[in-house]
Structures are given as C-alpha cells and as structure tokens.
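Undergrad: Any chance you can model this:
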Amino acid sequence: MVHELTAIGEPDMRHFDRAFAHTNRLRTEGTDHLLSAGRAVGVRRFVAQSVTMPYARTGGPVKTEEDPLDPSPAREMRRSVAAIRHLEEAVLGAGWTEGIVLRYGGFYGPGTSMAPGEQMPELIRKRKFPLVGDGGG
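TA: Numbers count the residues shown, from 1 in each chain. Next comes the predicted model:
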C-alpha cells in the first residue's frame with residue numbers, strides 16, 4: 001500500500017499550520033485509517049511519503065531518513081511537524097507490516113515551483129517566505 005495523500009494548496013508561510021491543516025489531518029487521521037485498512041486486508045508493505053523540511057538543526061547539511069525531526073519547530077509549524085512525526089511513527093511502528101517512510105526532497109529548476117517567476121521565488125521576492133537564522137539551512 002502506498003500513502004501519498006495531501007491537500008496542499010497555496011502556501012502561506014506566515015500561517016504555515018493553518019495553510020497545511022487539511023494535509024495535517026491526512027497525515028494523522030488519514031494515516032491511521034489507511035493503516036487500519038491495510039491491516040484488515042493483510043498488506044505486507046506500507047509506504048508513506050514524508051517531507052524534508054522539519055529536520056533538527058544539528059549535524060551537516062545533507063540529511064537522510066535516519067536524521068531526527070526538529071524537536072522544537074517554529075511556533076507556526078508545530079502542528080505540521082507533529083503531524084509528520086505522527087505519520088512516521090505510526091507507519092514505522094506498525095509491527096504487522098513492513099513500514100517504509102520516504103522523506104521526499106524538493107525539486108528545483110525549470111517546470112517546478114522553484115523556477116524563476118514561479119511560486120517560491122515570488123514568495124521570496126514579495127518577502128512572504130521567512131528565512132530562519134542566517135538563511136544557510
């Protein structure tokens with residue numbers, strides 16, 4: 001079974017948790033329901049997507065699925081990071097199946113939201129994308 005549910009719309013980086021409320025519900029309640037359904041039909045492997053943004057600010061700049069999530073995220077991201085943590089712990093803790101969590105990386109370049117004139121550069125240009133610390137993360 002593969003869990004790729006999201007409800008990501010227009011990002012609001014100043015009200016992150018509010019913007020991701022529906023996706024956070026899918027990461028918590030949706031994950032629990034899918035795990036229950038998977039168990040009922042006996043799936044042998046359950047793969048779920050996670051994200052790369054909420055890493056703990058320790059170690060080097062290159063991270064893997066083994067690196068810890070941020071234990072103290074910014075106030076406006078706490079519910080989102082908690083939902084990501086729930087998804088990862090629920091899937092990896094399902095003892096009846098092989099639980100796999102993939103922390104997807106960001107895509108950049110032509111055709112992505114990171115391309116010039118697209119969503120992310122425009123948020124930065126309009127000063128709607130907050131930088132954390134020195135911006136080197």
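Undergrad: What segments of this protein are strands?
TA: Assigned by DSSP state E, the chain shows strands spanning 2-3, 45-51, 98-104.
Undergrad: what's near enough to touch the residue nearest the centre of the chain?
TA: In the chain, the centroid-proximal residue (CA atoms, centre = their mean) is residue 51; its distance is 3.2 Å. Shown in contact with residue 51 (CB atoms under 8 Å, 6 or more residues apart in numbering): 84, 103, 104. Just so you know, the C-beta spots here come from the backbone N, C-alpha and C atoms, and that holds for glycine as well.
Undergrad: what bridges to it?
TA: Residue 51 has these beta-bridge partners by DSSP bridges: residue 104.
Undergrad: if we can go back for a sec, going by distance to residue 18, which of the contacts of residue 51 wins?
TA: residue 84 (16.1 Å; CB to CB).
Undergrad: Was I right to think that closest one contacts residue 54?
TA: Yes. Counting by CB atoms under 8 Å, residue 84 does reach residue 54; the two are 5.8 Å apart.
Undergrad: Need the residues touching each of those two.
TA: Taking CB under 8 Å, 6+ apart as the contact rule, residue 84 and residue 54 both touch residue 69.
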